[in-house]
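Asker: coords please:
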Amino acid sequence: RRTSVREGGMAKFLLVVFDGLRPELVTADLMPNLTGFRAGGLYCPGSRAAMPSETRVAVSSFVTGRYAGGHGVMGNSFYDPALGFDGPMDTSDLARMAIAEEHYVDGVLRGPDLGEVLAGAGKTLVTASTGKVGNARLLNLHAAARGQAAYSIHGAHVSSPAADHAGIEARFGPVPESDFPHIVKSEYLTTLVLEHFLPRHDPDVLIAWFSEPDLSYHYRGLGTDDGRAAMAGVDAAFGRLLAWWRAEGRERGWRIIAASDHAHITVADTFDLAAEMTAAGFAVGPAFGPDVEIALNPGYAGTLFVRDRAAATVDKILHWMAEQPWAGMLLARDRHGPDTGALDLAAIGMGGERAPDIFFTGRAHDDLDPYGLVGTCVNGSPDLPIGGSTHGGLHPKEMNNFLCFGGDGFAKGAVFDGACGVVDVAPTILDGLALSVPASMDGRPLTNVGQAPADADRALVVEGARAGYWQSLTLRETAGGQRYIDGGLRLA
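Answerer: Coordinates of the predicted model:
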């Protein structure tokens, strides 16, 4: 017989992440289980993603409580000339990640992360993901060395030995093949959580990551049949987890955190930055070389490194980009201020030695998309269709992630209107487990919020302008000094 929390058992946490889920689309007709959980728990409608608002940045922020400049994962893929690669390093490329791990004195992912803190306290962490390879690995990058279970649908070579990928396939069969929406993979993972990881490992913390609705949003669109089916499918999977929780999990001390890592806005047009920069006379390529002075990692949100961080070249690029109609937000590591119109990368948590010289987004607008949703953008990646959706930038709609808490220790049927975000999840889990929150964490515990009026947050508006270009960024600061990124837009 297992001890219940009411008999002195310790708290446990189940974090369920719905990749890319846009909060306003969580409705009773489409996602009744998540809607019901939100109504009975502590809902945080003002929650914000980390920047860049990409999945593997968010993964790293969820488990370290830090923004990108702190944990060091600067994007799903990121360029660092010190690594010597022929282009940006995809964090799903295990061979390159291993090289980078050896190169960086403090590792690719600067911690401490949840896996490290929990292991040091004699507690257990299980992670299970249908997301990409980098997603699964970054949830607990050193799981194998720690003897912790980290499972990925992409195989035993991605999973840790303790996850027993071969044993899972022997009992439950191989990961099912699927097309959009990838619901059968979500159902498979849910079965593993309920019938394998919970009973076999009985962890203190379990993270279950669903790659939908993100994938269907990207390639089909926010309001399409496939996009809606993806939301309904992961909601049904969540319903199975809720049924277990209500039947036995809650009594045993389990608390549930339901979250998304970021949201999406709709792609309205595209641009090819490499072609345009080349036509403008810039020596640009994927990595520094004999004929390349500027290393570009393109996308709706992208980065530029300039050889030797040459100030004159950085300024020239920023001046040119500000004149382009497709350019959105412009931020710089060093060359920010009135001379360039760029904002400081450190303001969005992207400072530090791994920071690019320039971070940019395609231009985003508050226009309505074909589904009546606010938010469109010009995209710099060729792989997404017009009418699909994306993220990575600073539009307030893509920055607003879903976040809700349920179980003992959290207010019930409450709404916390204060500033908060993905960086608060790790501190909240650690605080709920009566463990110290490392000073490195940018976030704070949300364990007791919603039980008293929130302290007034302070809005910080930062603007950059030059020669007809004008951009505005809004941050929110708590009484305790934590900062969250509300969002930003190019205004002119």
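
Asker: ok, the residue nearest to the spatial centre of the chain to residue 403 distance?
Answerer: In the chain, the residue lying closest to the centroid (C-alpha atoms, centre = their mean) is residue 58, at 2.3 Å. The gap separating residue 58 from residue 403 is 12 Å, by C-beta to C-beta, to the nearest Å. Backbone N, C-alpha and C define where each C-beta goes, glycine included.

Asker: thinking again about what came up before, give me the element the residue nearest to the centre of the chain is part of.
Answerer: Element membership for residue 58, per DSSP states H and E: helix 55-64.

Asker: what mean pLDDT does that helix have?
Answerer: Mean pLDDT, computed over helix 55-64, is 98.

Asker: what do you get for stretch 456-475?
Answerer: Averaging pLDDT along stretch 456-475 gives 96.

Asker: likewise for stretch 83-97?
Answerer: Mean predicted confidence for stretch 83-97 is 98.

Asker: what sits against the residue lying closest to residue 121 once chain neighbours are set aside?
Answerer: Of all residues not flanking residue 121 in the chain, residue 435 sits nearest, at 5.4 Å (C-beta to C-beta, 6 or more residues apart in numbering). Neighbour list for residue 435: 117, 118, 121, 123 [criterion: C-beta atoms under 8 Å, 6 or more residues apart in numbering].

Asker: pull out the buried members of these.
Answerer: Buried by 16 or more other C-beta atoms under 10 Å: 117, 118, 123, out of the contacts of residue 435.

Asker: and those, which of them are in helices?
Answerer: The helices, defined by DSSP state H, take in 117, 118 from the buried ones among the contacts of residue 435.

Asker: nearest to residue 51, of the buried ones among the contacts of residue 435?
Answerer: The closest of the buried ones among the contacts of residue 435 to residue 51 turns out to be residue 117 (C-beta to C-beta; 23.9 Å).

Asker: picking up where we left off before, what is the helix holding residue 58 packed up against?
Answerer: Helices and strands touching helix 55-64, as assessed by 3 or more C-beta pairs under 8 Å, 6 or more residues apart in numbering; DSSP states H and E, comprise helix 68-71, helix 114-120, helix 133-138, strand 205-210, helix 425-432.

Asker: what's the local residue count around residue 353?
Answerer: 10 (other C-beta atoms under 10 Å).

Asker: which one of the contacts of residue 435 is nearest to residue 66?
Answerer: Closest to residue 66 out of the contacts of residue 435 is residue 117 (12.8 Å), distances taken as C-beta to C-beta.

Asker: look up the pLDDT of residue 448 for me, please.
Answerer: Turning to residue 448, the model gives it a pLDDT of 82.

Asker: ditto for residue 205
Answerer: 98.

Asker: tell me the contacts of it?
Answerer: Residue 205 is in contact with 12, 13, 14, 15, 114, 118, 123, 124, 125, 126, 429, 433, counting by C-beta under 8 Å, 6+ apart.

Asker: coming back round to it: wait, the residue nearest to the centre of the chain touches residue 421, no?
Answerer: No: in this structure, residue 58 is not within contact of residue 421 by C-beta atoms under 8 Å, at 9.7 Å.

Asker: okay, and the common contacts of the two?
Answerer: In contact with both residue 58 and residue 421: 49, 50, 401, using C-beta under 8 Å, 6+ apart.

Asker: quick check on those: which are buried?
Answerer: By 16+ other C-beta under 10 Å, the shared contacts of residue 58 and residue 421 give 49, 50, 401 as buried.

Asker: quick one: residue 376 is in a strand?
Answerer: Yes: when DSSP: H, G, I helix; E, B strand; the rest coil is applied, residue 376 is found to be in a strand.

Asker: what's the neighbour count on residue 246?
Answerer: When neighbours are counted by other C-beta under 10 Å, residue 246 registers 10.

Asker: before we move on, what about residue 461?
Answerer: Neighbours of residue 461 using other C-beta under 10 Å come to 10.

Asker: go on, the one 10 residues further on?
Answerer: Residues near residue 471, counting by other C-beta under 10 Å, number 25.

Asker: what do you get for residue 269?
Answerer: The tally of other residues near residue 269 (other C-beta under 10 Å) stands at 13.
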